[in-house]
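Enquirer: structure, please.
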Amino acid sequence: MSDTKEDEGTGIAPNDDCGCDYPELGYSWIQGESDVTVTVPVPSGTKGKMVVVDIGCTKLKVGLKGKEPVIDGELFARVKQEDCMWSIEDGNKLVITLEKANLKYEEWWEYVIKGHPAINMKKLKPPPKKLQTLDEGAQATIEKMMFDQHQKRMGKPTSDELKIQEAMEKFKEQFPGQPLPDMSNVKFSG
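Expert: Down below sits the predicted model:
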């Protein structure tokens with residue numbers, strides 16, 4: 001029997017946008033597959049020249065000039081510094097968009113700044129990927145899997161079983177009266 005606390009993971013429950021709100025630290029964040037957006041409340045009427053935003057490949061510093069930074073530390077993972085940006089929205093929010101550097105592998109951040117509370121990754125619910133965003137090979141594999149699942153639910157043969165049936169029919173046509181070959185170990189690729 002497994003320990004349910006271990007199965008539930010540790011950390012703060014993520015918000016609906018796969019991030020977390022840290023009112024005690026003065027910021028909140030959300031993330032997608034390719035970016036992390038950090039929002040820092042600022043006094044109403046704040047202008048760009050009144051803030052400090054220093055985005056490095058592995059570090060982030062954010063705050064108001066002349067005051068202690070709200071955020072100052074090492075990032076969870078590398079970002080593409082040249083693709084990151086910030087803006088002041090509605091005159092009272094400083095919004096920083098960090099482009100994740102590791103796009104080859106889907107990477108979901110546990111936190112923005114090292115040492116800040118982590119979200120519970122076991123409770124993270126990333127949005128589903130759209131089939132159209134995948135390469136052709138991945139799309140074909142997923143479509144085949146979906147077809148096979150549907151066929152199984154309906155009690156019908158899967159795509160591989162249909163290929164075996166087709167091969168058996170061709171064999172019967174080409175070699176009438178011959179015993180059928182054993183196709184139980186045949187696997188199809190692609």
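Enquirer: C-alpha from now on. contacts and neighbour counts both.
Expert: Noted.
Enquirer: for the protein, just list every one of the strands.
Expert: Using DSSP state E, the strands found in the chain span residues 20-22, 27-31, 35-41, 51-55, 59-64, 71-74, 85-89, 93-99.
Enquirer: packing partners for the second one?
Expert: Contacting strand 27-31 under the criterion 3 or more Cα pairs under 8 Å, 6 or more residues apart in numbering; DSSP states H and E are the following elements: strand 20-22, strand 35-41.
Enquirer: pick the most buried one from those.
Expert: strand 35-41 (a mean of 21; mean count of other Cα atoms under 10 Å).
Enquirer: what number of residues lie near the nearest residue to residue 19 once chain neighbours are set aside?
Expert: Nearest residue to residue 19, sequence neighbours excluded (Cα to Cα, 6 or more residues apart in numbering): residue 30, at 4.0 Å. By the criterion of other Cα atoms under 10 Å, residue 30 has 21 neighbours.
Enquirer: now do the contacts for residue 30.
Expert: Under the criterion of Cα atoms under 8 Å, 6 or more residues apart in numbering, the neighbours of residue 30 are 15, 17-20, 36-38.
Enquirer: what pairs with it across the strands?
Expert: On the basis of DSSP bridges, residue 30 is bridged to residue 37.
Enquirer: give me the distance between it and residue 128.
Expert: Taking Cα to Cα, to the nearest Å as the measure, residue 30 and residue 128 are separated by 16 Å.
Enquirer: got it, and residue 168?
Expert: Shown here: residue 168 relative to residue 128, a distance of 39 Å by Cα to Cα.
Enquirer: neighbour count winner among these two?
Expert: When neighbours are counted by other Cα under 10 Å, residue 168 and residue 128 differ, and residue 168 comes out ahead with 16 against 6.
Enquirer: what's the local residue count around the closest residue to residue 144 other than its chain neighbours?
Expert: Leaving aside its sequence neighbours, residue 144 sits nearest to residue 159 (Cα to Cα, 6+ apart; 7.3 Å). Residue 159 has 16 neighbours, counted by other Cα under 10 Å.
Enquirer: okay, the nearest residue to residue 106 once chain neighbours are set aside: pLDDT?
Expert: The shortest distance from residue 106 to any non-neighbouring residue, by Cα to Cα, 6+ apart, is to residue 33 (6.4 Å). Per-residue pLDDT puts residue 33 at 87.
Enquirer: tally of neighbours for residue 33?
Expert: Burial of residue 33 is recorded as 18 neighbouring residues (other Cα under 10 Å).
Enquirer: isn't it right next to residue 108, touching?
Expert: Yes: taking Cα atoms under 8 Å as the definition, residue 33 is a contact partner of residue 108 at 7.1 Å.
Enquirer: which parts of the lengthiest helix in the chain are buried?
Expert: Longest helix of the chain, by residue count under DSSP state H: helix 136-153. Buried residues in helix 136-153, counted by 16 or more other Cα atoms under 10 Å: 144, 148-149.
Enquirer: below-threshold pLDDT in the protein: ranges please.
Expert: 1-7, 129-134, 183, 186-190 (pLDDT under 70).
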